[in-house]
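> Here is my input, please return the structure:
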Amino acid sequence: MSNYWINKANRRLRRYGNVKCLAEDIRKLDIPEHSFDVISIFHVIHDIAPEERQGITARLAELLNKNGKLFIREPIKKSHGMPVEEILFLLTSSGLEEIQSDVCKSEYKGIFKYEA
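Modelled structure (predicted):
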């Protein structure tokens, strides 16, 4: 977690009253289920211990409203990142449906929808 980037994002988005950037373990935050229309994850999951990834992606899915969207970008290089197949497994097994994706040499970008 980087407070530098959280602070930068909060400054850029301060004119929007309904936007919050948080830096904390999502499983520890007291946030009611179905609280978000959009969740954005930028280069995070690959830095989480493999045995904790499923619990975190499941919690993220629980936090989305019906038809909410999760935007994700993850590095996929063998030297730094994780396989696309693992990203897809984590998110789809958490109840999310991939609706758009782009894979380049070093990065996966995807949009997932929660239908509940």
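> how much distance is there from the lengthiest strand in the chain to the middle of the chain?
Secondary structure of the chain per DSSP state E: the longest strand is strand 64-77. In terms of C-alpha atoms, centre = their mean, to the nearest Å, the centre of strand 64-77 is found 5 Å from the chain centre.
> Show me which positions of that strand end up buried.
64, 68-70, 72, 74, 76 (16 or more other C-beta atoms under 10 Å). Placement of C-beta: from N, CA and C, glycine included.
> ok but Phe89 is inside a helix, no?
Yes. Under DSSP: H, G, I helix; E, B strand; the rest coil, Phe89 falls within a helix.
> Tell me how many other residues surround it.
14 (other C-beta atoms under 10 Å).
> Show me what secondary structure element comes after the longest strand of the chain.
strand 80-81 (DSSP states H and E).
> that older thread, pick out the most distant pair among the buried residues of strand 64-77.
Using C-beta to C-beta, the two most remote members of the buried residues of strand 64-77 are Gly68 and Ile76, lying 24.5 Å apart.
> Can you tell me the element the most centrally placed residue in the chain falls in?
Per C-alpha atoms, centre = their mean, the C-alpha nearest to the average position across the chain is that of Ile41, at 3.3 Å. Ile41 is part of strand 36-42 when elements are defined by DSSP H and E.
> buried stuff in that strand?
Buried, per 16+ other C-beta under 10 Å, within strand 36-42: 36, 39, 41.
> CA-only coordinates of it in PDB, if you can.
Extracted in PDB, the C-alpha atoms of strand 36-42 (Å, rounded to 0.1, in the frame of the first residue of the first chain):
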ATOM      1  CA  PHE A  36     -19.700   0.200  -4.500                       C
ATOM      2  CA  ASP A  37     -20.700   0.700  -8.100                       C
ATOM      3  CA  VAL A  38     -17.000   0.600  -9.200                       C
ATOM      4  CA  ILE A  39     -13.900  -0.900  -7.700                       C
ATOM      5  CA  SER A  40     -10.500  -0.200  -9.300                       C
ATOM      6  CA  ILE A  41      -7.400  -2.400  -8.600                       C
ATOM      7  CA  PHE A  42      -4.100  -1.200 -10.100                       C
END
